[in-house]
Each structure stands twice: as C-alpha cells, then as structure tokens.
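J.: When you get a sec, could you give me coordinates for this:
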Amino acid sequence: MATDLSVLSRRDPTTLTRRLGPVVASAGPRRDRLVFSLLVLLAFVFVLAVVAWPTRVPLVALAPFILLSGLYLPHRHLVALYIIIVVGLCTAAPRLPMGVTAVTLTAASLCALMVMMVIVASSRVRVGSTGFHGENLFVDLRDRIARAATLPGLPSGWTAESEVHSAYGEGFSGDFMVADRTHDGRHLEVALVDVSGKGREAGTRSMLLCGALGALLGSLPPREFLDAANTYLVRQGWEEGFATAVHVDINLDTGEFSVGNAGHPSAAHYDVGSGTWEVLEGGRGPVLGIMHGVSFTRTHGTLDMGDALMIYSDGIIESRGHDLTEGTDRMLGAASDAIVRASGSVAEAVVSSARSGEDDDRAVFVITRR
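T.: Next comes the predicted model:
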C-alpha cells in the first residue's frame, strides 16, 4: 500500500515569517503602545544623530527604520510615527552640510518609502492584522487544505496517489481534494472540486468549500453528497460561486464503486483485462451553485484485481487551441504508459502530460486495486 500527495509543491509552509511571526508580531494594544513609544524614541535619536554627526550618520540611515516600523506597527500608530519623522526631517534638513539637491532627493526618497509602507499597512487593516499575522493566517489555511487532501491509510491490496498543482505555482489553487475513510473504514470517499477561477483568485473560495465539503464526507449517504454540496453553494450567494465536482465512493472490501459528477470531467476506469481506459460518461449533473433542488445520479462499477479508477480536473485535459477529445486521449495515454511500466507515479505522469502546463490548476487522483 502506498499513498502519495503533492500539494502546491512550490511553496514551503514553514516560511521564515511563519516561524518568526508569533515572536515579533504578537497582538495586543499594550504591545502596540510599547512598540510605538520605543520607535518614537528611536526616531528622535536618529534625527539628533543625523544633525550631530551628518558625515557619520547619513540621512538615508532612516530607511531601514521606516521599513521595519511599517511592518510591525498598526496603521494609526504608523501614520503618527511617520508624521513625527517628517517633522524631524524638516527641522534637521536646513542644518545638514549636504547640498540642497542631495537633501531634497534623499528626503523625497524617504517620504516615498513612508507612503509605500502606509499603503501596505492599509491593506492589512482590511483583515485586522499587523506584522506577519495576515501571511500566517493564509499559510495556516493553505496547510489545512493540504491536510484535508491527505489520503488516509488503505488496507492491503489498494494503492492510491494524488497530485494537486496550482496555476503559475501560486500558493493557492482553485482545485482541491478531500478524502476520508467512511462507513467504519470499509469505504473510501474522495471529492475533487474545481472552483471557478484559478490560482489566487479562487483560493479564498477553495478554503471555505474545503472545510464544508470535508465535513460532509461520511456524514451523509454518498448519493446525497453532491445534493448537499450544491445546496450549500447556492446558499452562499457568491457572484461567481459555482464549482464543478466529482465524488467517488469505493467499497474497499468488494471493489464496488459509485461516481457522482457535477459538471466535472468524467472519471476514467482502467480494465486490466483489456489493458485500456474507459471514460465513464454516465451520472453527470449540472455544476454546483447554480440552482436549487438539483439531484445527481451516479455511475456504478466494480474494480477487479489490477483495475484502477482516476478522477481529474479540467486543467488536465483542456488547453488553448486543442479540443477536449485530444486532451483526454493524451491523458489516458500517459496513464496507460505509467501503468504498463509499473514504475513511478501515474498521477504525476498525468499531471506532467497536461498541455495547459502552468496556465491552469491541475489535479488528479488515482486508486488501484492490486
């Protein structure tokens, strides 16, 4: 038994800011006032040092101080500090031995830096964060999506693998997957979802849907999963809140499976007897989030020894200038070659074969009965 998952592999969740964030950017009004007072004191010291020793402490030495204060101070404190710095610059400038042009250019550069940091701080006000808290929040949410897609351990005789890659290597993907063992561990349920948009555009909707749909796995009979997902999406009322999805329920004791499809590319079944892949065209329904009261039929089948089942997102088979039939044939060819070689990852081979390349989110899940 082997399971493999590659989720947004270009991004390392253990970033430097995440490790340092809780230490250097902890929240709290008392901490903010203390830091503000300390930085005001340092601003006065800097200005006095520039006036007292202009050849040893150049005016540009204020730049790192301006940058750091912009990262760690709340917006209102930052504006107050920068006003104090500007007043100090205006007071110190006439006393500097530098030429008027040099002083003017340096002061203008520092003011431009302050304006830029105020803009950055203003963007953090929208999420109510200071310092690196905003980044840490998104890193944690991204990691939750990755954990939800982690494949559970499977009994002897089954192997599963998956790949999820975002467009242009961004940190968030419009494709996500949730998987879990249900029915006392006798079944494996997997849902692969493609949210409207791609990359960062769809990332926030993916985060919300991932938690909601993950909670539905095992909580409802498989035939009701897509119905409940559709009801949830319609209730959100998002302007571009539609999504496609494919849901698979596999009985790990008997190999029987069912597939529900909501506007998603059809699943593919590999028959070891004939050595070919077959696209399961039945059981298709409309995309999620468009209309109330939609029912989704399911396609049923059985995985015998050596058979495989594959679900994938449209980024695998779609590409500009090529039709879906060509993309599907290319995908199935790559999957067949990987199975025949019996070495390497089928999911990785399928993702690598996608013509869309970095232009679209790509996801695939493959389960094989040995």
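J.: Could you export the strand or helix carrying Arg30 as PDB, CA atoms only?
T.: In the assignment (DSSP states H and E), Arg30 maps to helix 29-52. The C-alpha coordinates for helix 29-52 follow below in PDB (Å, rounded to 0.1, in the frame of the first residue of the first chain):
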ATOM      1  CA  PRO A  29      -2.900  47.000  22.400                       C
ATOM      2  CA  ARG A  30      -0.300  47.200  25.200                       C
ATOM      3  CA  ARG A  31       2.300  45.700  23.000                       C
ATOM      4  CA  ASP A  32       1.400  48.200  20.200                       C
ATOM      5  CA  ARG A  33       1.700  51.200  22.500                       C
ATOM      6  CA  LEU A  34       5.100  49.900  23.900                       C
ATOM      7  CA  VAL A  35       6.500  49.400  20.400                       C
ATOM      8  CA  PHE A  36       5.100  52.800  19.200                       C
ATOM      9  CA  SER A  37       6.700  54.600  22.200                       C
ATOM     10  CA  LEU A  38      10.000  52.800  21.600                       C
ATOM     11  CA  LEU A  39      10.000  53.700  17.900                       C
ATOM     12  CA  VAL A  40       9.200  57.300  18.500                       C
ATOM     13  CA  LEU A  41      12.100  57.500  20.900                       C
ATOM     14  CA  LEU A  42      14.400  55.900  18.300                       C
ATOM     15  CA  ALA A  43      13.100  58.300  15.700                       C
ATOM     16  CA  PHE A  44      14.200  61.300  17.800                       C
ATOM     17  CA  VAL A  45      17.600  59.600  18.400                       C
ATOM     18  CA  PHE A  46      18.100  59.100  14.700                       C
ATOM     19  CA  VAL A  47      17.200  62.700  13.800                       C
ATOM     20  CA  LEU A  48      19.500  64.000  16.500                       C
ATOM     21  CA  ALA A  49      22.300  61.700  15.400                       C
ATOM     22  CA  VAL A  50      21.900  62.900  11.800                       C
ATOM     23  CA  VAL A  51      22.100  66.500  12.900                       C
ATOM     24  CA  ALA A  52      25.000  65.900  15.300                       C
END
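J.: So what touches that helix?
T.: If you take CB atoms under 8 Å, 6 or more residues apart in numbering as the criterion, helix 29-52 is touched by 57-59, 61-62, 65, 69, 72-74, 77, 80-81, 84-85, 88-89, 91-92, 95-96, 130. Where C-beta positions appear, they are placed from N, C-alpha and C, glycine not excepted.
J.: Give me the mean pLDDT for that helix.
T.: Helix 29-52 comes out with an average pLDDT of 79.
J.: Now do the contacts for Thr297.
T.: Thr297 makes contacts with Gly260, Gly282, Gly283, Arg284, Gly285, as judged by CB under 8 Å, 6+ apart.
J.: any chance you could map the strands in the stretch 51-200 of the chain?
T.: 158-165, 175-182, 187-195 (DSSP state E, counting those that start in this stretch).
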